[in-house]
Every structure is written in C-alpha cells, then in structure tokens.
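> Fold the following, please.
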Amino acid sequence: MARAAGAVARLSGVSRERFRQDIYPLREPVVLKGIDLGICTTKWTVDYLSQTAGDKEVKIHVSPVPQMDFLSKNFVYSPVHLSHFVIDLQVIKSSFRVLFDFPRTLPFDVFVRRAAEVKHTEYFISEDEKYYLRSLGEDPRKDIADIRKQFPSLAKDIQIPEYFEKEQFFSSVFRISSAGLQLWTHYDIMDNFLIQVVGKKRVVLYNPRDAPYLYLSGTKSEVLNVDNPDLEKYPLFMKARCYECSLEAGDVLFIPALWFHNVISEEFGVGVNVFWKHLPSECYDKTDTYGNKDPTAASRALQILDRALKTLEELPEEYQDFYARRMVLRIQERAFSSSYE
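Numbering: from 1, shown residues only. Below you'll find the predicted structure:
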C-alpha cells in the first residue's frame, strides 16, 4: 500500500444532533455504530430477499475478475454494447458467447442467488464470475434511484438515518455484490451514508487533497489495485495517504463529498447508499440522475481550463510550457489556501 493506512474513527450511539453539530462540519469519514436501521439486518437473508422482491427484472454488472475497472470496462453490463466490453484472451471463448447472447436483465431472485454463490453452475462468462447490482430509477435518464420506489417491499424493512434535512435528500441506492468484488476508486459529488446491511466490506479512502497522486480520469482513479499498485506506472501514488475501515452488518460509513473511496466486499454484501446535497440545490446539474456529475460551476471552470490549454497550442512549445506553469502556480495559490488546512 502507498503508505501506512490511517484508521477511520468509529463512534457508537451518535445522535442526529451530535452528528450535525460535532461530526458533519469536520468533513471527514466516520463509521457510525449502534444506529437503529430496522429489521433489515436480521431479515435480509438470501431466501428472504429472493422471496420478497421476487422476479423483478434488474440490470446487472457481470465481471470475470474481482477488480472492476470502469475505465477499461472489464465487465459486461446490461444492456450490453460491444464497445463496453474488453476481451481477455484467457476467457475469449466464453466471452464471445456473452457478447452475442447476453440477456438485458436477470430476475432479481435469480440474481441474488447467483451473487451469493462462490462457484456458479449457470453463468455468462465463467464459473468464478462476480455480480454487482446498483439500483436505478425506472427511467435512468430521468428518474433517480430510490429504494422506496424500486424495491418498496424491502424498503419497509430499513430505517434510514435521516441525519440531514429532507430537502437535501437526493437518492437511496440499493446495492448487492458478490464476495471478493472490488469497485474502482472514485469520488462522489454528494455526501453519503454507506449502510452495510449484510456481510462485511473493507473501504479504503483518500482525502480530496491527494487527488494529484491518484491518476484521475474524470471522477475515477486509474489505480485499480490499491494494495499492490504498479509504482512504475503510477509512482506518485506512494504520496497518497489512505484511510481504512471495515464495515460489518449494521455499520454506517459517512463519506463526505469528494473523498475518494475503494470498496471491497469481503463477503456477499447487501447495502444501501443514501446521498444528499451538501451544497445548495442550484449548484448541481438538474439533469444528473446518477449524482456523479461535477457541480455546474466546477464543470464550467474545467471547460474554460480546457479551452485555455487549447489556446496555448498556438504558441511554440517552450512558451506553452512557461505559461502552463504560470497557470499551475495561480491555481495552486487558490487551491492551497489556509482556510482549507
């Protein structure tokens, strides 16, 4: 790992008032224990989930390897597009079948049982493939994910800690993952609670200030293996300070907006992410149903920067380098202000 991991604070019996007054303003991750989440932590077995939610059709990710890479798309996702699938030569024969004979969805009860298996007798790519569900709105282009709407029979079992104002609520995302599955390192633009209902997760986090060391492509890091990174390819990753925590059933992890996180399901896992708006509503893109578009002001600034860099190409190379460095210095003067220390 890049550096010795720092521990994420673990607090028990935190009330809404204490969270709002003492914890939330610090803008640091914290594991909240002992919160009443309802009967979900005892009732959400594989059998119960299958029987209660039934054969509702769900769109899923299927990965032949444990580490999912959103940038290279080393998984298939329904509905499948040829451009979204990277063929691994070791699984080319089975992958060929997937590309041309992949269903748009799976019945939820079938999906849950497959996700809970270690080896599969029925599969798309291989008997070791991993499954991942990230719930969507009825029309993902227009509707946000809300467990109360997409899975009402299960939503009644969970009591979501409303440690934010009702008008701040954005989405509640139902997630299920196979044991061993690892999601790519990324940041979200909204605050969220990662509520672990079933199974254990390991979460590795990075402070937003370490963004220069994470080799970003949009909101995602190119470094997949955070435990054993390729330091020849990603030498600056050594400078990133990681923070780590383990989540068990009933734990709630507060992840502030912009904090990078990498999530590993150590067991078959079921959870719910609740996202809410830290900034005023007008700061967010109104067409963003996933909650992963940068704030509108940030998007405009990045577009202006891209245009500025494009404009510099009108100059000879040494001039490009000189004025680009001046731009970097001006940005650093603003970015590393004492108010953010």
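> can you pull out the helices in this structure?
For the chain, the helices defined by DSSP state H occupy 16-18, 40-43, 46-53, 92-100, 108-116, 147-150, 152-155, 296-312, 317-335.
> Which residue ranges of the stretch 1-150 of the chain form strands?
Using DSSP state E, counting those that start in this stretch, the strands assigned to the stretch 1-150 of the chain run over residues 6-7, 9-12, 30-33, 57-58, 61-63, 76-77, 106-107, 130-134.
> These: lowest mean pLDDT?
In terms of mean pLDDT, the lowest-scoring of those is strand 76-77 (a mean of 66).
> ok so, going back, dump the strands of the stretch 1-150 of the chain into TSV; add mean neighbour count and distance to Q196 as well.
The C-beta positions use only the backbone N, C-alpha and C, and glycine is treated the same way. Listed next are the strands of the stretch 1-150 of the chain as TSV, based on neighbours: other CB atoms under 10 Å; distance: least, CB to CB, whole Å:
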stretch	mean neighbour count	distance to Q196
strand 6-7	11	17
strand 9-12	13	13
strand 30-33	20	9
strand 57-58	18	20
strand 61-63	22	19
strand 76-77	21	24
strand 106-107	18	23
strand 130-134	22	15
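> Could you export those strands as a markdown table, including distance to F275?
Shown next, in a markdown table, are those (distance: least, CB to CB, whole Å):
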| stretch | distance to F275 |
| --- | --- |
| strand 6-7 | 24 |
| strand 9-12 | 21 |
| strand 30-33 | 16 |
| strand 57-58 | 20 |
| strand 61-63 | 19 |
| strand 76-77 | 21 |
| strand 106-107 | 25 |
| strand 130-134 | 12 |
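> Out of these, which is closest to V226?
strand 6-7 (13.8 Å; CB to CB).
> Pull up the pairing partners for the closest one, direction included.
strand 242-247 (parallel) (DSSP bridges).
> ok so, going back, between the strands of the stretch 1-150 of the chain, which one is closest to G250.
Per CB to CB, nearest to G250 of the strands of the stretch 1-150 of the chain: strand 30-33, 7.3 Å.
> What strands flank the closest one, and is each parallel or antiparallel?
strand 9-12 (parallel), strand 252-255 (antiparallel).
> residues in contact with the last one?
Strand 252-255 is contacted by residues 8, 19, 23-24, 29-33, 35, 37, 161, 188, 191-196, 203, 205, 245, 247, 261 when judged by CB atoms under 8 Å, 6 or more residues apart in numbering.
> if we can go back for a sec, with respect to K166, which of the strands of the stretch 1-150 of the chain lies nearest?
strand 30-33 (19.5 Å).
> any idea how far that closest one is from the chain center?
Offset of strand 30-33 from its chain centre (CA atoms, centre = their mean, to the nearest Å): 18 Å.
> The closest residue to R20 other than its chain neighbours and M327: what is the separation?
Spatial nearest neighbour of R20, chain neighbours left out: Y163 (6.5 Å); criterion: CB to CB, 6 or more residues apart in numbering. Distance of Y163 to M327, given as CB to CB, to the nearest Å: 40 Å.
> and E333, which of the strands of the stretch 1-150 of the chain is closest to it?
Distance to E333, taken as CB to CB, is lowest for strand 6-7 among the strands of the stretch 1-150 of the chain, at 27.9 Å.
> Can you pull out the residues in contact with the closest one?
R241, C242, Y243, E244, C245.
> Tell me, how many residues neighbour the residue nearest to R20?
Using other CB atoms under 10 Å, Y163 is surrounded by 23 other residues.
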